[in-house]
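>>> structure of the sequence below:
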Amino acid sequence: MSANPFLDPALVHGDLYRANDRLADRTRALREAKIAGRDAAEVIADLLARRTTPGAVVLDLGCGRGTSTLRIAARLRPRRLIAVDASIALLDTVRTRLHEADEIGSTVCANFHHLPLPDAVADAAVAAFCLYHSATPATAVAEIARCLRPGGVAVLVTKSLDSYTELDQLVHAAHLDPDAIRRPSLYESFHSGNLLDIAAVHLTVLDVLHEEHVFEFADASHLARYLATTPKYQIRPDGGPADLAAILQARLPAPPYLTRSTVSYALAARS
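All right, here's what the predicted structure looks like:
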């Protein structure tokens with residue numbers, strides 16, 4: 001059984017995020033399936049708005065395709081907004097989306113363990129759905145703390161260890177991956193259960209929120225679109241979404257297919 005792909009640097013900096021399409025397709029399939037749970041980017045903006053004012057300097061670390069970046073730009077009107085990611089392709093997408101939304105922000109290609117930024121440069125920082133790509137997430141949190149001014153705040157966001165476990169059962173039942181129910185959680189290094197402890201090593205935790213998100217995949221084609229883009233499974237046969245949908249339709253009970261995830265937010269400050 002293979003190791004956690006979210007902790008494999010070759011995959012993280014290679015097939016998983018070298019291009020925009022895979023992440024965009026996975027995000028779109030999940031967004032269309034969600035039937036309960038607040039929009040994470042909106043929650044992040046709400047938490048930051050409690051502790052910052054217009055004209056702040058804000059970092060969005062591990063920004064991905066820039067969904068939180070755009071919401072921060074529109075809601076907080078920061079004086080300076082810096083989106084950081086290790087993927088050049090994703091940063092290209094962020095720049096395009098900011099331009100199309102007529103928002104202002106800059107991008108930096110960097111590893112969040114070693115940020116090319118001065119000490120105490122930011123009033124606020126976000127690290128959403130990214131720190132579970134680190135085998136040592138406390139090291140990344142230390143970098144966030146270094147870049148915050150005294151009193152500056154951070155919002156750290158992750159998911160629960162048992163997120164989407166219902167899909168493990170479906171993939172196993174469809175005989176697509178015999179190890180599906182035994183594979184480690186993608187979020188094992190930084191998850192809802194250890195979020196508080198890791199954040200508290202370098203920051204003062206002010207608040208922690210846990211919210212359940214529920215997803216309903218309407219049919220086999222919808223589920224296949226998500227499964228074809230998630231790195232968790234070793235799916236055989238390794239066909240495209242259409243082939244996968246045909247297998248799921250033939251081997252699984254009638255849809256819909258439900259799954260759940262806990263999304264956790266820590267609001268923390270540099271002393």
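>>> can you check the distance spanned by stretch 246-264, start to finish?
In stretch 246-264, first residue to last residue: 35 Å (Cα to Cα, to the nearest Å).
>>> how about that stretch: buried residues?
Going by neighbour count (16 or more other Cβ atoms under 10 Å), the buried part of stretch 246-264 is I247, L248, Q249, P255, Y257, T259, R260, S261, T262, V263, S264. Any C-beta I mention is one placed from the backbone N, CA and C, and that applies to glycine too.
>>> for the record, mean pLDDT for it?
Regarding stretch 246-264, the rounded mean pLDDT is 97.
>>> list the contacts of that stretch.
For stretch 246-264, contacts defined as Cβ atoms under 8 Å, 6 or more residues apart in numbering pick out 37, 40, 157-160, 162-167, 170, 173-176, 191-192, 195, 208-220, 222-224, 227, 237, 239.
>>> go again using 7 Å as the cut-off
Identification of contacts with stretch 246-264 by Cβ atoms under 7 Å, 6 or more residues apart in numbering yields 37, 40, 157-160, 163-164, 166-167, 170, 173-176, 192, 195, 208-220, 223-224.
>>> before we move on, what about stretch 19-37?
16-17, 64-65, 89-90, 93, 211-217, 222, 225-226, 229-230, 263.
>>> where in the stretch 51-200 of the chain is pLDDT low?
In the predicted model, the stretch 51-200 of the chain carries no residue with pLDDT under 70.
>>> what about the helices in it?
With DSSP state H, counting those that start in this stretch, the ranges of helices along the stretch 51-200 of the chain come out as 67-76, 88-100, 137-147, 165-173, 195-202.
>>> highest mean neighbour count out of the ones you listed?
Highest mean neighbour count of the helices of the stretch 51-200 of the chain: helix 67-76, a mean of 22 (counted as mean count of other Cβ atoms under 10 Å).
>>> which other residues reach it?
41-42, 44-45, 48-49, 52, 54, 56, 58, 60, 63, 78, 81, 83, 94, 97-98, 101, 103, 105, 126, 128.
>>> next: stretch 215-228.
With Cβ under 7 Å, 6+ apart as the criterion, stretch 215-228 contacts 25-26, 29-30, 33-35, 171, 233, 235, 240-241, 244-245, 248-249, 252, 255-259.
>>> what secondary structure does A242 sit in?
helix (DSSP: H, G, I helix; E, B strand; the rest coil).
>>> measure it to P256 for me?
19 Å (Cβ to Cβ, to the nearest Å).
>>> before we move on, what about A124?
39 Å.
>>> next one: G37
In terms of Cβ to Cβ, G37 sits 16 Å off from P256.
>>> does R97 touch G66 like I think?
Yes: R97 lies in contact with G66 (Cβ atoms under 7 Å); the separation is 5.0 Å.
>>> now, among the buried residues of stretch 246-264, which is nearest to L115?
S264 (23.1 Å; Cβ to Cβ).
>>> so where does the closest one fall, helix or strand?
strand 257-269 (DSSP states H and E).
>>> residue contacts, the residue nearest the centre of the chain?
What sits nearest the mean C-alpha location of the chain, by Cα atoms, centre = their mean, is F129, with 2.5 Å. Listed by Cβ under 7 Å, 6+ apart, the contact set of F129 reads V157, T158.
>>> from the contacts of stretch 19-37, which would you call buried?
For the contacts of stretch 19-37, buried by 16+ other Cβ under 10 Å: 16-17, 64-65, 90, 93, 213, 215, 217, 222, 225-226, 229-230, 263.
>>> the strand holding S264: partners in the sheet, and parallel or antiparallel?
Strand 257-269 pairs in its sheet with strand 148-159 (antiparallel), strand 204-217 (antiparallel), by DSSP bridges.
>>> please consider this matter closed, and thank you.
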